[in-house]
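Student: Okay, predicted coordinates and the sequence, questions at the end:
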Amino acid sequence: MASVMYAVFHFAALQCSARPEISPCTCEMGKAFNHVELACEKLESFNAVVDSLANKLNSDVNIDLKITHSQLDDLEMRSFRDMNFNIYKLRMQWNGLRSLPELPFRGLSNVTYLSVADNELDEIPKHVLNHMPLLQTFDISRCNIRVVQQDDLKGIQKITNLILPSNNITRLDRGAFPLSLLILHLGRNQLESLNGSLAELTNLHSLFINANNISDLDKELPDGSKLRLLMAHNNRLEHLPANMATMDDLEIIHLHFNRLRSFDRVLRNAQHLTELLANNNELEYLAQDEFQSCRQLDTLNLACNHIRSLNFSLHPMVKLTRGNFSFNDIEEFSMEELHGMRSLRVLDLSYNRIQRLLPAHKHSPELALIDLRLDHNQIVTLDSALAGLSHLRILSLPENRIEYLQPGDLNGMNRLEILDLTANQLVELKQLETTLLPSLKILKVAYNNITKLEHDFYGLPMLCQVNLTNNQISSISSELVTNTRCKNHNVPGKLEMFLDGE
């Protein structure tokens with residue numbers, strides 16, 4: 001068996017060895033056995049393409065033919081059959097084609113992949129598709145298609161991938177899409193409605209409708225759908241369709257830059273969901289069971305909304321690693337919101353209205369949080385709410401209203417490396433004298449009201465850099481760096497301090 005496979009491989013390789021006679025076209029061995037890739041670029045006519053390739057390769061070899069950046073005004077004068085080999089993939093991008101005549105494509109019944117993207121076609125060439133009954137992937141992106149009509153795709157009933165982004169499509173006829181479709185890309189068009197054209201596509205698992213003008217998906221997505229990926233961002237959606245609650249296979253949903261006011265609990269059964277992006281909407285409320293079954297969720301972005309409370313809706317997300325809730329209207333945050341989220345690494349709560357942090361219950365499981373962002377809030381005191389975050393490496397608290405660090409505020413943060421308290425109202429750092437932060441390397445306390453430094457860095461043995469610019473410091477003790485063991489630029493015990501003001 002191995003010898004047979006080698007013979008086939010060797011045969012395909014011979015088809016491409018030293019072929020000056022097909023110049024200016026080029027030949028490369030394909031990735032699969034008995035497959036050859038031909039590329040013709042910048043030819044002056046289709047006649048030149050045919051003459052370069054006709055009868056030059058064995059008819060038993062499967063050919064992936066690519067014709068790009070060429071002048072094909074004479075396309076209707078010759079036929080692909082004149083080349084006398086078996087084309088199974090045909091790519092004709094960037095040729096300035098305004099239409100496709102039928103004659104050249106007759107006899108291409110073995111083609112499974114066709115791309116005529118990046119041309120100037122203003123309608124789907126159905127007369128060409130009628131000659132390709134085995135076609136599985138059709139790419140006609142970045143053209144000037146305006147309408148997908150009912151009979152445009154009748155000739156390709158086995159197609160699984162239809163790629164139509166970046167056209168000018170304004171209308172989809174009902175019944176226009178073959179039921180065999182698995183992937184449909186309609187992104188970056190001018191659609192205001194799907195017009196019921198997808199309602200019967202129950203096999204569809206990936207749908208791209210992003211960057212259109214769609215405001216309503218009610219009764220548009222197929223019932224009993226096997227949909228796994230939904231890209232519906234950059235539209236005008238105000239709500240989600242009720243039948244999304246039955247789409248248990250959903251894994252990735254992008255809804256950012258819409259006008260959603262609520263999820264209406266339609267995602268509560270999405271047990272396979274791993275990524276949800278819904279930033280830049282108008283969300284105000286999260287139901288407590290909003291994500292009831294979302295135990296596989298890894299990435300959640302709800303930034304730039306009007307959410308006032310997370311309402312303990314995150315508790316099912318035991319595998320969440322990144323959560324972004326920045327630029328919302330949260331006024332109070334309890335660490336109890338993160339109960340059970342042992343995989344969470346990055347939490348962004350910046351640019352909210354948080355005035356108060358509340359600690360979790362004493363027996364809450366340990367969090368694996370590495371990066372916590374609370375900058376640009378209204379926090380006055382930490383109230384030891386963050387104590388015990390033993391995996392935390394970055395704590396970002398700039399642009400708050402913190403006046404003092406209290407005993408216990410930073411306890412247990414043995415791996416903290418960067419502490420940013422820029423632009424608060426701190427008058428002293430004395431609490432750091434008795435707080436052990438054995439891994440802290442960078443301390444940022446610029447733009448505060450600190451007046452003196454004495455033994456403040458005693459609990460920070462690895463501190464290497466401190467930004468103290470724009471404070472009111474009038475006194476620095478010579479014992480400030482007594483405990484510093486930082487090795488900066490190969491100089492042990494050296495601490496870089498920035499004290500310059502404006």
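Tutor: Nice, thanks for sending it over.

Student: What are the contacting residues of stretch 434-446?
Tutor: 393, 398, 405, 407, 409-411, 413-424, 426, 429, 458-471, 486, 498 (Cβ atoms under 8 Å, 6 or more residues apart in numbering). From N, CA and C alone the C-beta is placed, and that goes for glycine too.

Student: just the buried members of these?
Tutor: 393, 398, 405, 409-411, 413, 416-424, 426, 429, 458-460, 463-464, 466-471, 486 (16 or more other Cβ atoms under 10 Å).

Student: Filter these down to the ones in helices?
Tutor: If you go by DSSP state H, these have nothing in helices.

Student: Filter these down to the ones in strands?
Tutor: When DSSP state E is applied, the buried ones among the contacts of stretch 434-446 are split such that 418-420, 466-467 fall in strands.

Student: Give me the pLDDT for residue 11.
Tutor: On the pLDDT scale, residue 11 is placed at 44.

Student: Distance from the chain centre to stretch 21-39, please.
Tutor: Distance of stretch 21-39 from its chain centroid, counting by Cα atoms, centre = their mean, to the nearest Å, is 34 Å.

Student: scratch that, stretch 208-221
Tutor: Using Cα atoms, centre = their mean, the distance between the centre of stretch 208-221 and that of its chain works out at 19 Å.

Student: Stretch 444-459 too?
Tutor: On Cα atoms, centre = their mean, the centre of stretch 444-459 falls 41 Å from that of its chain.

Student: what do you get for stretch 154-161?
Tutor: On the basis of Cα atoms, centre = their mean, stretch 154-161 sits 29 Å off its chain's mean C-alpha point.

Student: Please identify which of the ones in strands among the buried ones among the contacts of stretch 434-446 is nearest to residue 84.
Tutor: residue 418 (67.5 Å; Cβ to Cβ).

Student: dump the residue contacts of the closest one.
Tutor: 393-396, 440-442, 444.

Student: now the residues you listed in a markdown table, with secondary structure, pLDDT and distance to residue 179?
Tutor: Shown next, in a markdown table, are the contacts of residue 418 (DSSP: H, G, I helix; E, B strand; the rest coil; pLDDT from 0 to 100; distance: Cβ to Cβ, whole Å):
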| residue | secondary structure | pLDDT | distance to residue 179 |
| --- | --- | --- | --- |
| 393 | coil | 98 | 51 |
| 394 | strand | 98 | 51 |
| 395 | strand | 98 | 54 |
| 396 | strand | 98 | 51 |
| 440 | coil | 95 | 61 |
| 441 | coil | 94 | 60 |
| 442 | strand | 96 | 59 |
| 444 | strand | 97 | 59 |
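
Student: can you pick the most crowded of those?
Tutor: Greatest neighbour count in the contacts of residue 418, by other Cβ atoms under 10 Å, goes to residue 440: 27 neighbours.

Student: From residue 469, how far off is it?
Tutor: Here residue 440 is placed at a distance of 19 Å from residue 469 (Cβ to Cβ, to the nearest Å).

Student: and if you look at residue 369?
Tutor: Residue 369 sits 29 Å away from residue 469, going by Cβ to Cβ.

Student: Over to residue 132?
Tutor: Residue 132 is 68 Å from residue 469, by Cβ to Cβ.

Student: which residues in this structure form helices?
Tutor: Under DSSP H, the chain gives helices at 2-16, 46-53, 126-129.

Student: Measure how far the shortest one is from the centre of its chain, please.
Tutor: Right, helix 126-129. For helix 126-129, the distance to the chain centre is 35 Å (Cα atoms, centre = their mean).

Student: pull the CA atoms of that helix into PDB?
Tutor: Coordinates of each C-alpha in helix 126-129 appear next as PDB, following Å, rounded to 0.1, in the frame of the first residue of the first chain:
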ATOM      1  CA  LYS A 126     -26.500  31.000 -12.300                       C
ATOM      2  CA  HIS A 127     -26.000  29.800 -15.900                       C
ATOM      3  CA  VAL A 128     -22.400  28.900 -14.900                       C
ATOM      4  CA  LEU A 129     -23.400  27.200 -11.600                       C
END
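
Student: Now do the same contact list for the closest residue to residue 402 other than its chain neighbours.
Tutor: Excluding the flanking residues, the one nearest residue 402 by Cβ to Cβ, 6 or more residues apart in numbering is residue 424, at 4.2 Å. Residues near residue 424 by Cβ under 8 Å, 6+ apart: 397-403, 445, 447-448.

Student: possible to save those as CSV with pLDDT and distance to residue 299?
Tutor: CSV is the format used below for those (pLDDT from 0 to 100; distance: Cβ to Cβ, whole Å):
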residue, pLDDT, distance to residue 299
397, 98, 24
398, 98, 25
399, 98, 26
400, 98, 27
401, 97, 31
402, 97, 30
403, 94, 36
445, 97, 32
447, 97, 33
448, 96, 35
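
Student: Make CSV from these and add distance to residue 328 to it.
Tutor: Shown next, in CSV, are the contacts of residue 424 (distance: Cβ to Cβ, whole Å):
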residue, distance to residue 328
397, 17
398, 18
399, 16
400, 16
401, 19
402, 21
403, 25
445, 27
447, 25
448, 26
